[in-house]
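Engineer: Give the three-dimensional model of this entry:
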Amino acid sequence: MLGGGRAELVAACQHILASTLNPILRNYAYLHLARLQLHVSNSHAALATLRKSLDENLVLLNKRMQVRHPPVAK
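Structural biologist: Below is the predicted model of the structure:
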């Protein structure tokens, strides 16, 4: 890990998540946050973090798909 304690790394990941909408940076922060949570045996928090990341990615993907392929009127 980088220098610094786990608390600083968690704070850095949370800062990234609060500061950017860039999906690549957000995925990076979510994955590292989940790893930190697993490292302290907090599997429930890690799973919740990964689910939140997945939900964000699915919303983003669905928005992009609607722009490329708008729904057909019936």
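
Engineer: moving C-terminal of the helix or strand where L38 lies, what's the next helix or strand?
Structural biologist: L38 belongs to helix 23-39 when assigned by DSSP states H and E. With elements assigned by DSSP H and E, the helix or strand that comes after helix 23-39 is helix 43-68.

Engineer: Can you spell out which helices and strands pack onto that next one?
Structural biologist: Helices and strands in packing contact with helix 43-68 are listed as helix 23-39; criterion 3 or more Cβ pairs under 8 Å, 6 or more residues apart in numbering; DSSP states H and E. Heads up, the C-betas are built off the backbone N, CA and C, glycines and all.

Engineer: do that again at 10 Å, thanks
Structural biologist: Packed against helix 43-68 by the contact rule (3 or more Cβ pairs under 10 Å, 6 or more residues apart in numbering; DSSP states H and E) you find helix 6-19, helix 23-39.

Engineer: Give me the buried stretch members for that helix, please.
Structural biologist: Along helix 43-68, the positions that meet the burial threshold by neighbour count (16 or more other Cβ atoms under 10 Å) are 46, 49-50, 53, 56.

Engineer: Closest to R64 out of those residues?
Structural biologist: Distance to R64 across the buried residues of helix 43-68 (Cβ to Cβ) is lowest for E56, with 12.7 Å.

Engineer: tell me the angle the helix or strand of the chain with the lowest mean pLDDT makes with helix 6-19.
Structural biologist: Least confident helix or strand of the chain, by mean pLDDT, DSSP states H and E, is helix 43-68 with a mean of 92. Angle between the axes of helix 43-68 and helix 6-19 is 20 degrees (criterion: axes from the mean of the first three to the mean of the last three Cα atoms, to 10 degrees).

Engineer: Could you figure out how far helix 43-68 is turned away from helix 23-39?
Structural biologist: Between the axes of helix 43-68 and helix 23-39, defined by the same axes, to 10 degrees, the angle is 160 degrees.
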